[in-house]
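[1] Structure of the sequence below:
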Amino acid sequence: GLAAGPLLAAQLVAAGHWPAYPILLAGLALGLVAAAISSPLPSGEALVSVGAQGLRERPAASPAFWLFVVILAVYAVAEGTFSSWVVIFLRDARGLSETTANWALSAFWGALVFGRLAISALVARVSPAKLWVTLPLLMIAAFLLVPATSGPASGIALFAFAGLACSGFLPLSITLASHRFPHDVA
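    Model (predicted):
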């Protein structure tokens, strides 16, 4: 949705049908809410049996938990900066077309999704911790390279690279935190 959204919005704006975009999003959101409400949830007994595993370290009492929280907050700022800044940067700072900026945003989100799929295959061969440590270095490289954008192709390519750099960090963080706190995964 995030990869196709900017392209769909651009098409609707170009056709003079901008109001259709938020209406489509609202309809989709209502459909998802209806699906979530109609989905069965675990019984209260199942929830009680999960909590009856005895004494263990609570995540909120652990410095490791708060380290994960801080790391993920910084990651959220990095990903949010790329995704919120791409159109403004390419259009206003580099003078590229709105269409190019929308393609770059779609490339960012598409690469993020592709990267998550690729990372899910890579963890069978490479330690999740090694991948987790490598991705921030790639994000830093993306932040340093993006200002060198000189045209449509480099703008789209560099934001796709940023999407790949951001791709696996959140799922890998959740995996590592789940291993650290196996009784509190939810």
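[2] Give the next helix or strand downstream of the lowest-mean-pLDDT helix or strand in the chain.
    One helix or strand of the chain scores below all others by mean pLDDT, DSSP states H and E: helix 44-51, with a mean of 46. Where DSSP states H and E defines the elements, the next helix or strand beyond helix 44-51 is helix 63-88.
[3] Poorly predicted segments of the chain, please.
    Scanning the chain for pLDDT under 70 picks out 1-3, 41-57.
[4] centre of the chain versus the helix or strand encompassing Leu164, how much separation?
    Taking DSSP H and E as the definition, Leu164 sits inside helix 152-167. Put simply, helix 152-167 sits 14 Å off its chain's centre (CA atoms, centre = their mean, to the nearest Å).
[5] Next secondary structure element downstream of that helix?
    helix 169-180.
[6] If you count contacts, what does that following helix end up packed against?
    Under the contact criterion of 3 or more CB pairs under 8 Å, 6 or more residues apart in numbering; DSSP states H and E, helix 169-180 touches helix 63-88, helix 98-122, helix 128-145. The way it works is simple: take the backbone N, C-alpha and C, and place the C-beta from them, glycine included.
[7] Would you mind putting those into TSV with mean neighbour count and distance to Leu25 alongside?
    Output for these, formatted as TSV (neighbours: other CB atoms under 10 Å; distance: least, CB to CB, whole Å):
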stretch	mean neighbour count	distance to Leu25
helix 63-88	15	16
helix 98-122	19	15
helix 128-145	15	28
